[in-house]
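# just to be clear, the model below is a prediction. Sequence and coordinates:
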Amino acid sequence: MSITRGSESNGGMGLNDKSNEVSEPSIIMATREAKELHRVRNSFTFKIGIEIVGCIKNPLLIFILPFRIIRILLASNKKSLHQHYLGKKNEIFIIGLDRNGEYNSKQSERLASIIAKSKLGSVTLLNNSSEFAKNRNGIQWYRIPSVRENDTSRKEWNLLAERLLSSAISITNPSHVIYFGDYLYRGISNALAPIEEHVELTWFLENNDELCNVDTSRLPRMNPILLPEYIDSNIDTKSIHKLLNKSANEQFILTDINGKISNLMEIIVSCCEGFTLTAIQRDFALPKDVELVVSKHDLNQVRLDGKVGLIIDDSSPFLSSLSNLGVPCVLIRTGRTLSPIIEEMIRDLEMNGSLVVIRRNYDFNIRYGIEYLKTLVHKSTLPDLIKINKPNQSKYVLNWLKKSSSIEVK
């Protein structure tokens with residue numbers, strides 16, 4: 001949006017002032033410093049001071065000083081102009097920042113590329129990548145040094161981030177801002193705070209642990225959302241039998257259940273006769289009935305094959321990786337509120353037959369779900385959604401973005 005103000009010559013108080021308004025780029029008012037300078041220069045005391053200085057330089061102006069003061073008083077009653085970010089239709093701004101490394105930066109790059117390929121809208125990216133400039137594919141890109149780069153202080157880096165992000169946003173006027181980061185830096189929150197209410201602010205997080213510990217006190221409008229893994233390339237397939245050095249004929253039930261849920265593990269143990277009960281390593285002690293343990297690291301960014309079924313609850317960090325893991329699963333809902341993206345993924349997997357969702361935690365429902373899971377493990381062919389080599393979880397993100405970006409800006 002353009003900011004208009006009366007043009008002024010020689011500090012704005014000469015006799016040849018023009019009352020015509022001229023358009024100015026919104027970037028002129030992008031930063032807090034620019035807004036403060038605009039406020040000071042348009043204040044009554046500053047303008048009176050300019051008039052008095054002019055009279056000292058040219059005593060003849062004293063005769064018209066009362067009229068100039070009246071004019072300034074009348075002008076000060078007019079509504080002051082402020083910076084407004086009127087979001088453009090289908091303009092998405094993605095931010096990816098890391099303290100160390102480039103994990104969030106790469107995540108933001110992947111999402112930017114996916115959105116650009118989908119023709120969902122124009123994409124602007126700000127991150128600390130060192131290589132993305134080589135292949136931008138039409139994405140408008142801004143680079144900021146990483147937090148620990150160049151030995152800059154936290155105050156200096158936050159000020160740099162605030163000024164760069166404020167300027168970039170003022171140029172693009174996005175309808176949706178997406179943030180990837182392990183922390184909401186002060187410079188980022190200061191730059192995003194002035195954005196109009198109709199512009200969506202989303203913080204994409206990777207798992208429930210991050211979602212529980214996220215702090216949005218600096219920017220209450222920021223909406224933390226659990227994001228499903230999205231992979232736009234082939235991923236490796238690993239057999240759990242090779243991970244655990246077991247026979248290919250052995251059947252596994254892999255669990256990731258919160259230990260605070262009473263009697264749940266006892267039900268699972270009683271239903272899993274003939275299966276090797278295996279648990280994903282967690283921070284709490286596992287029941288003695290668990291025969292084997294597999295680390296979270298081994299299951300990250302892989303798909304499993306072989307005779308294995310998965311049982312998790314909605315607090316599991318693997319909830320966002322369901323279709324990437326590539327195994328039939330029972331999901332036990334405990335009442336936790338999930339993001340709309342994850343909810344859509346759950347409904348989709350449930351309809352395709354690869355996921356059993358237990359929404360009422362009665363013994364009968366849990367036992368029935370586990371028995372059905374065992375039949376899927378016994379089958380030699382699994383549902384088509386599990387067999388695919390390129391899981392397309394990015395479609396859930398794109399569908400959500402289409403809905404969230406469909407607000408008409410007036």
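Perfect, thanks for sending it.
# and the strands in the stretch 151-300 of the chain?
Assigned by DSSP state E, counting those that start in this stretch, the stretch 151-300 of the chain shows strands spanning 176-180, 200-205, 223-226, 237-239, 252-256, 276-280, 292-294.
# so which of those is nearest S113?
strand 176-180 (13.4 Å; C-beta to C-beta). C-beta coordinates here come from the backbone N, C-alpha and C atoms, glycine included.
# what angle separates that closest one from strand 200-205?
20 degrees (axes from the mean of the first three to the mean of the last three C-alpha atoms, to 10 degrees).
# quickly run through the sheet partners of strand 176-180, with directions.
Sheet pairing for strand 176-180, assigned by DSSP bridges, gives strand 91-96 (parallel), strand 200-205 (parallel).
# average pLDDT for the last one, rounded please.
What that stands for is strand 200-205. For strand 200-205, mean pLDDT is 91.
# what are the buried residues along it?
Under the neighbour-count criterion of 16 or more other C-beta atoms under 10 Å, strand 200-205 has 200-205 buried.
# dump the residues you listed into JSON lines; add distance to I139 as well.
Output for the buried residues of strand 200-205, formatted as JSON lines (distance: C-beta to C-beta, whole Å):
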{"residue": "E200", "distance to I139": "19"}
{"residue": "L201", "distance to I139": "20"}
{"residue": "T202", "distance to I139": "18"}
{"residue": "W203", "distance to I139": "20"}
{"residue": "F204", "distance to I139": "17"}
{"residue": "L205", "distance to I139": "23"}
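# in TSV: the strands of the stretch 151-300 of the chain, plus distance to L322.
Converted to TSV, the strands of the stretch 151-300 of the chain look like this (distance: least, C-beta to C-beta, whole Å):
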stretch	distance to L322
strand 176-180	21
strand 200-205	16
strand 223-226	12
strand 237-239	16
strand 252-256	11
strand 276-280	13
strand 292-294	16
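# out of those, flag the one nearest V53.
For V53, the closest of the strands of the stretch 151-300 of the chain is strand 176-180, at 43.2 Å, according to C-beta to C-beta.
# mind listing what's buried in the closest one?
176-180.
# wait, which of those is closest to E273?
Using C-beta to C-beta, the buried residues of strand 176-180 come closest to E273 at F180, 44.3 Å.
# average model confidence for the longest helix belonging to the chain?
As assigned by DSSP state H, the longest helix anywhere in the chain is helix 154-172. Helix 154-172 shows a mean pLDDT of 88.
# chain center to it: distance?
Relative to the chain's own centre, helix 154-172 is displaced by 18 Å; criterion: C-alpha atoms, centre = their mean, to the nearest Å.
# ok, back up a step: for the strands paired with strand 176-180, give me a markdown table that also has distance to N190.
A markdown table is the format used below for these (distance: least, C-beta to C-beta, whole Å):
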| stretch | distance to N190 |
| --- | --- |
| strand 91-96 | 13 |
| strand 200-205 | 13 |
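# nearest to S394, out of these?
strand 200-205 (12.3 Å).
# okay, that closest one in CSV with CA atoms only?
Provided in CSV are the C-alpha atoms of strand 200-205 (Å, rounded to 0.1, in the frame of the first residue of the first chain):
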residue,chain,number,x,y,z
GLU,A,200,-2.4,-15.4,8.6
LEU,A,201,0.7,-16.0,10.8
THR,A,202,1.6,-19.7,11.1
TRP,A,203,4.4,-21.4,12.9
PHE,A,204,5.0,-24.9,11.5
LEU,A,205,6.4,-27.4,14.1
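# need the contact partners of that strand.
Surrounding strand 200-205, the residues in contact under the criterion C-beta atoms under 8 Å, 6 or more residues apart in numbering are 107, 111, 175-181, 184, 192, 195, 211, 214, 216, 219, 221-227, 404-405.
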